[in-house]
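Student: Make a model of this:
(2 chains)
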Amino acid sequence: MNIYTQTLKRDLRIAIRNPSSVMNPLLFFVISVSLFPLAISPEPSTLSQIAAGIIWVASMLSVLLSLNTIFHNDFENGVLEQMAISHHSLPLLILSKIISHWILTGIPIILLSPLLGVFLFLDSKATLVLMTTLLLATPSLSLIGSIGASLIVSIKNTGMLLSLLVLPLYIPILIFASSAVSQSQFGLDITGQLYFLAAILVISFMTAPYVSAAAIKISLE
Amino acid sequence: MSKLIVKDLCCQRGYNQLFSDLSFEVSSSNILRITGPNGSGKTSLLKILAGLNASENGTVYLNDFNVNSYEYQQHVFYLGHSQALSSELSVIENLEFLMSLKDTVDRKILTESLVKIGLQGYRDEYCSKLSAGQKRRVILAGLFISNAKVWLLDEPFTALDSEGIRIVEKLIKEHCDAGGICLFTTHQDSALDNQMVLAL
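Tutor: Okay, the predicted model is just below:
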C-alpha cells in the first residue's frame, strides 16, 4: 500500500473513531432541510419548486462546517509538519486528505439527497439530476474548501473567516447546480450546466492540492 | 562519507535577527549540540536544516544535495517539539504511519522498536491514554528504524525520565558510530562523548 492510500485510510480511521466530527455536519444538513417545509409551506407545488435550492444550500453549508477537520488536528499535533518534510509529494498527500473528506461528507450527502428529495416532493427525474449535480460538484466543494482551510490553519479563533474565503468561490457551483435541477423539472436541456460543473471539478482537481500545499508550507513557517 | 554543509545562513523572525552569517560543517560520525538561550534561534535553525523554514540568506547542502532536493529530504529525520501523534490512533498505528512517510514500515520491526524504547505492552494503546514522556518515546522509537543519515532532534530529552534519556543518548551514539550525523538542541546536560557545540 502506498503512502497516499495509507493517508486516506488513516484519515478515515480517525473519523470513524471520532464520529461526532462526521455526524454533526450531516445532522445539520438533514435538520436544516427538514425545517423548510415547516417554515415556508407544506404545499407540494411550492416545495418542489425550491427543493433543489434548499438541498444545495444546505449541503454547501454542511460541507463548510466540516472543512476545519481536514487539516486542523494534523496541524496542531505536528503530523502536517512530518508530511511537509517527507520526500513524498505534499500536494498528493493533501489530495488524499481531501478525498477522505469527500468520502466522509460528500458521499453521505449524495446518498441522503433522494430521501430529502422525497421529503420536498421532488420528482424522480429531478432527484436523479440532483444526485448527478451533487456527484459532480461535492468533490469541488471539498477541493476548493481545502484552499480556505489550509490558508487559515495556523490562525486561532478564525470565526467567519473561512466562510468569507470559501463561500464566494462556491457561488458559481450553487448557481449552475440548482439551475440544472430546476431546468430539468421543466424538461429543458441541462448539459451546459453539467459541463460547467465538470469543468470546475477538473480545474479544482488540478489546482487545489498545489495551492493548499503552498498555503500549508507558509503556515508551518 | 556524508557531510552537512551550512554556509552564511541568516534567519529573521518578525523584526528580530536570530542569527546571521552562520557557517559550519558536520561530517559523518559527528554530533553537534546546539545551545543557546530561549529565542536564540535553535528551533528555527533545525527547521531550516529540515527544509521546513526558508532562510533569509545562505545555503544548506548534504554532500551535493540542496536542502529542497528529494535526495536531501530522503536522508533527514526531523523531530520537532510536537509529537506528531493522533490521539484517535493507537501507538503502533501512529508509528506505522509516521515511518511509512519515511518508507520504512515493518510491523514486526516497529513492535521491536517499541520494546527497545521501553513501551512494551503499549503497542495497541490509544495515544490519548499516554503520558507526555510516553508520547515522546513513541516518536523517538522511530529513530530505531530510521535509515536517515542526518538526525535533527529538537529537545529530544524533553519529558523523558533518566532511563529514557539514557536510551536516546545510546541511540544517538550508535547512529554516529555507524557513520550518521546528529544535530540536537537541549537545555539539559548531555553525557554524550565527543560532541561539538554550537552556541547561538
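Student: For chain B, give me its nearest residue in chain A.
Tutor: residue A:78 (2.8 Å; CB to the nearest CB). Where C-beta positions appear, they are placed from N, C-alpha and C, glycine not excepted.
Student: Next up, the contacts around the residue of chain B found nearest chain A.
Tutor: As assessed by CB to the nearest CB, chain A sits closest to residue B:82 within chain B, at 2.8 Å. Residue B:82 makes contacts with A:76-78, A:81, as judged by CB atoms under 8 Å, 6 or more residues apart in numbering or on different chains.
Student: Out of the residues you listed, which comes closest to residue A:162?
Tutor: Of all the contacts of residue B:82, residue A:162 sits closest to residue A:76, with 16.1 Å by CB to CB.
Student: where's the closest one, which helix or strand?
Tutor: Taking DSSP states H and E as the criterion, residue A:76 maps to helix A:72-77.
Student: Check which helices and strands that helix is in contact with.
Tutor: helix A:79-85, helix A:191-220 (3 or more CB pairs under 8 Å, 6 or more residues apart in numbering or on different chains; DSSP states H and E).
Student: Distance check, the nearest residue to residue A:1 once chain neighbours are set aside against residue A:213.
Tutor: Nearest non-adjacent residue to residue A:1, counting by CB to CB, 6 or more residues apart in numbering or on different chains: residue A:9, 7.6 Å away. Noted for residue A:9: a distance of 20 Å to residue A:213, by CB to CB, to the nearest Å.
Student: mind listing the helices for the chain?
Tutor: Just going to use chain A. Per DSSP state H, chain A has helices spanning A:3-17, A:20-39, A:44-66, A:72-77, A:79-85, A:90-101, A:107-119, A:124-151, A:161-185, A:191-220. These are given in chain order.
Student: Switch to chain B, please.
Tutor: So, for chain B - with DSSP H - the helices run B:42-50, B:70-74, B:91-100, B:107-116, B:132-145, B:162-177.
Student: Show me what from chain A comes close to chain B.
Tutor: A:3, A:6-7, A:10, A:13-14, A:17-18, A:73-74, A:76-79, A:81-88, A:220-221 (CB under 8 Å from any CB of the partner chain).
Student: switch the cut-off to 7 Å
Tutor: A:3, A:6, A:10, A:13-14, A:17-18, A:73, A:77-79, A:81-88, A:220-221 (CB under 7 Å from any CB of the partner chain).
Student: how about CSV for the helices of chain A, with mean pLDDT and mean neighbour count added?
Tutor: Converted to CSV, the helices of chain A look like this (pLDDT from 0 to 100; neighbours: other CB atoms under 10 Å in any protein chain shown):
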stretch, mean pLDDT, mean neighbour count
helix A:3-17, 93, 18
helix A:20-39, 92, 15
helix A:44-66, 92, 20
helix A:72-77, 90, 18
helix A:79-85, 90, 23
helix A:90-101, 95, 22
helix A:107-119, 93, 18
helix A:124-151, 94, 23
helix A:161-185, 92, 18
helix A:191-220, 94, 18
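Student: Low-confidence stretches in chain B?
Tutor: B:104 (pLDDT under 70).
Student: again, only this time at 90
Tutor: Filtered on pLDDT under 90, chain B yields the residue ranges B:1-45, B:49-87, B:91-92, B:95-125, B:127-151, B:153-181, B:184-200.
Student: center of chain B - which residue?
Tutor: residue B:153 (2.6 Å; CA atoms, centre = their mean).
Student: correct me, but it touches residue B:186?
Tutor: No. If you go by CB atoms under 7 Å, residue B:153 and residue B:186 don't touch, sitting 8.5 Å apart.
Student: Report the contact partners of residue B:55.
Tutor: Residues near residue B:55 by CB atoms under 7 Å, 6 or more residues apart in numbering or on different chains: B:9-11, B:48.
Student: Format those residues as TSV; extra columns: neighbour count and distance to chain A.
Tutor: Shown next, in TSV, are these (neighbours: other CB atoms under 10 Å in any protein chain shown; distance: CB to the nearest CB, whole Å):
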residue	neighbour count	distance to chain A
B:9	23	15
B:10	15	15
B:11	22	11
B:48	24	10
